[in-house]
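Undergrad: Provided below for reference: sequence and predicted model.
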Amino acid sequence: MKRSLIIFLFIFSYSFAQDSDKLRDSLKAHYEYVGFFKNGITEARTKQQKYTLLNTKGQSLFPATFSYIYLSPYGTIIASKSEGNKSNQGVIDTSGKVLLPLEYDDVFAIEDGLIINKNKKYGIADNDGKILLELKYDHIQHLGDGLFSVRNGALQALYRRELAITGFLYKSIRRLKEGNFAVILPDNSCSAIDSTGNPILKPQKSHTVIDIKKPFAIIRSNTTHKFCAITTEGKKMTDYYSSLVFANNQFIASKNKLYGVIAYDNTVIVPFIYTYICVPAQQDFYLAMGKNQTKVLNSKNESLLKGEYKSISHNKQCLIATTKNGLSGTFTFTGTPLLPVVYKLIAYNDSGKAIAKKGDSFYCTNLYGNVEDKKIDGVQNIKQPGDNYEWTGALIYQNNAETGLISMEGNIVLKTCYKEINYIYDSDEFIVNNNEKYGIIDARGTVIVPEKYDKATIGKESIHFESKTIKPFYYEIKFNHIMTLADLRNLD
């Protein structure tokens, strides 16, 4: 049932994306600008520089009378109307009804409501336009989870929407991890409070709080800009370092441009010989990168992988190790071998499917070593998609002087019929070239832009097509991946 639902949602969303693109293109004859559809609506600007909202049928939901409309990521619709040189902002609903009067200098949509500003005074409103915190404060900053720093004069207070958690006691309030906040007191000493306003760190002079993990805190000197660890009672625990972060109940530290790992009592666990050390998300080991090799180390400085590797990366389920000769293999996070170190990886996806070269042949294999290699016949070369091995779309392969497309399952999607095919960033579309004429195809080989243009220039967000005989135009790059049904079948 779950697989069927996922496949249905994929097909529906992909079909809707195609339909909405066609609709946007058709509407451009009537509107100067049409945005992307969000929750069934989009903003549109007329040639008279007025905004309205359109539904998925292309119908205007109300007369185009607004100077600007912005659809926020949180569902709030911010609108403005101009009076002379001044633009007044407010909030409307999908029918054009005004929820928050269009009388504010700025309206900022956030996940917890609205921050409003008028005549350099700030307040808070909900998404229906109800004023929660009156418009009388000098600045308001959203801190997440319904919390705000509210400034009145030179001092700030912590608020939960309209409710004050602390008084105006601090020169600054800054969010840390785990719901704690670094604060600067009026005497310029630093401290920290929790989300209820209770102090959790003894004030420290001439320092800034960087992070807290009870019963320890990392602070930075305001004079040397170096870091040390203290207890929340203020006892110094480590030396000062160029950088210092919590990791695996220890610290990753750096000095003299080299990294190591130290214990809470400043004992060196991993020596300072690496150019960088990090902890992959939700893992309990270290990736330690040196000038000539990379190691996977546990909290006792023991190497988890046998052999020497120039680089080691990872996905959600395994480590991917590559030797100085460019051969790769995979291991579990505890160091158990999965895929032997004999492959030159071309690309892989989240399900573990990989396209790789072994010897002189190409194979469809699996990073987790649980399937038999499938040899890909009739392919002389497969182009790697830039520096990114993670890939979900089709790959470009070459035979003699022509190119085609091959899937991550090792199946030919498009036989060699183009002189040249090139990737477009991480898009699932490709620039093609036949007889010095350029166009675009998708990952299925379907022609999107016919190859009849003399020049194609890739920009950051669009491709500029030019021709001596055809009007030039910009094609908007689509940065979304198309999941194959085979990939969807692997989802549980």
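TA: Nice, thanks for sending it over. Residues are numbered from 1 along each chain as shown.

Undergrad: For residue 209, which non-adjacent residue is spatially closest?
TA: Nearest non-adjacent residue to residue 209, counting by CB to CB, 6 or more residues apart in numbering: residue 182, 3.8 Å away. Yep, even glycine has a C-beta here, placed from its N, CA and C like the rest.

Undergrad: Name the strands paired with the host helix or strand of the one you found and say parallel or antiparallel.
TA: In this structure, residue 182 sits in strand 181-184 according to DSSP states H and E. In the sheet, strand 181-184 lines up against strand 172-175 (antiparallel), strand 190-193 (antiparallel) (DSSP bridges).

Undergrad: Include distance to residue 153 when you put those into a markdown table, please.
TA: Output for these, formatted as a markdown table (distance: least, CB to CB, whole Å):
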| stretch | distance to residue 153 |
| --- | --- |
| strand 172-175 | 13 |
| strand 190-193 | 20 |
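
Undergrad: Compare the ones you listed and give me the one nearest residue 353.
TA: Relative to residue 353, the nearest member of the strands paired with strand 181-184 by CB to CB is strand 172-175, separated by 39.7 Å.

Undergrad: Now mean pLDDT and mean neighbour count too, for the strands paired with strand 181-184, in a markdown table please.
TA: Shown next, in a markdown table, are the strands paired with strand 181-184 (pLDDT from 0 to 100; neighbours: other CB atoms under 10 Å):
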| stretch | mean pLDDT | mean neighbour count |
| --- | --- | --- |
| strand 172-175 | 97 | 18 |
| strand 190-193 | 98 | 22 |
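
Undergrad: on that earlier part again, would you check that the residue nearest to residue 209 makes contact with residue 176?
TA: Yes - counting by CB atoms under 8 Å, residue 182 touches residue 176, with 5.5 Å between them.

Undergrad: which one of these two has more residues nearby?
TA: residue 182 (22 against 18; other CB atoms under 10 Å).

Undergrad: how about the more buried one, what does it touch?
TA: 173-176, 190-192, 208-210 (CB atoms under 8 Å, 6 or more residues apart in numbering).

Undergrad: before we move on, back to that, with respect to residue 336, which of the strands paired with strand 181-184 lies nearest?
TA: Of those, nearest to residue 336 by CB to CB is strand 172-175, at 39.6 Å.

Undergrad: centre of the chain versus that closest one, how much separation?
TA: In this view, strand 172-175 has its centroid 24 Å away from the chain centroid, taken as CA atoms, centre = their mean, to the nearest Å.

Undergrad: neighbouring contacts of that strand?
TA: Contacts of strand 172-175 (CB under 8 Å, 6+ apart): 143-144, 147, 149, 156, 158, 181-184.

Undergrad: Type out the PyMOL command that picks the buried ones from those residues.
TA: A single PyMOL command selects the buried members of these (16 or more other CB atoms under 10 Å):
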select buried, resi 143+147+149+156+158+181+182+183+184
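
Undergrad: Could you work out the most separated pair of the contacts of strand 172-175?
TA: Among the contacts of strand 172-175, 144 and 184 lie farthest apart (CB to CB), at 19.4 Å.

Undergrad: Quickly note the distance from the residue nearest to residue 209 to residue 292.
TA: Using CB to CB, to the nearest Å, residue 182 is found at 39 Å from residue 292.
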